[in-house]
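K.L.:
Mind folding the following:
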Amino acid sequence: MSDASDASYVRYESPVRHPRGHFPGVFVLVNGLAREGKLTPEQERFRRANNDWYDAAYPIPSKVDPTVYDQDVTPCAVAWFKVTATHLIERVPGYLEILDAHGIECRVVRSSDPGRIVYEDDFQVVVVPHEG
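P.N.:
Next comes the predicted model:
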């Protein structure tokens, strides 16, 4: 990991590794709470409206390349925002507030080299993290 001052990418993720080996990201964490029926009506409205906004605002990597998150092809692949995608990043705090309200930790990770890039667009990369 590089220091934050030269980071090109940012990711919001659980500090707890998933059994498959990756650290689940902020959207996976909040969507998981929704699937479990744990969100308040206000939190669910926020999640639904903002998920819809994100879906319209930038490409969904798995729709561009269905293999991008395939565990056999790209094990532990995760998405990172490009730090230049400020209009996307500025909506993340609402998701972090939901996680905080449910006692779920989420950390911010910054890097200029998060892993082997398997997908890239103007706003994000999907990488297979470096070993270690």
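K.L.:
How about the residue nearest to the spatial centre of the chain, nearest residue that isn't a chain neighbour?
P.N.:
For the chain, the residue nearest the mean C-alpha position is G25 (3.9 Å; CA atoms, centre = their mean). Closest residue to G25 apart from its sequence neighbours, by CB to CB, 6 or more residues apart in numbering: E13 at 5.0 Å. Backbone N, C-alpha and C define where each C-beta goes, glycine included.
K.L.:
I'd like the distance from the one you found to R110, if you could.
P.N.:
12 Å (CB to CB, to the nearest Å).
K.L.:
What is the neighbour count of T40?
P.N.:
11 (other CB atoms under 10 Å).
K.L.:
Also S112?
P.N.:
14.
K.L.:
Could you pull up the contacting residues of it?
P.N.:
By CB atoms under 8 Å, 6 or more residues apart in numbering, S112 lies in contact with S2, D6, A7, S8, Y9.
K.L.:
which one among these gets closest to V78?
P.N.:
Distance ranking of the contacts of S112 against V78, using CB to CB, places Y9 first at 10.6 Å.
K.L.:
If I follow the layout properly, that closest one ends up in contact with E120?
P.N.:
No - counting by CB atoms under 8 Å, Y9 stays clear of E120, with 10.5 Å between them.
K.L.:
more neighbours, these two?
P.N.:
Set Y9 next to E120 and count neighbours by other CB under 10 Å: Y9 wins out with 23 against 12.
K.L.:
How about the longest helix seen in the chain, which residues are buried there?
P.N.:
The longest helix of the chain (DSSP state H) is helix 41-57. Within helix 41-57, the residues that count as buried by 16 or more other CB atoms under 10 Å are Q43, E44, F46, R47, N50, Y54.
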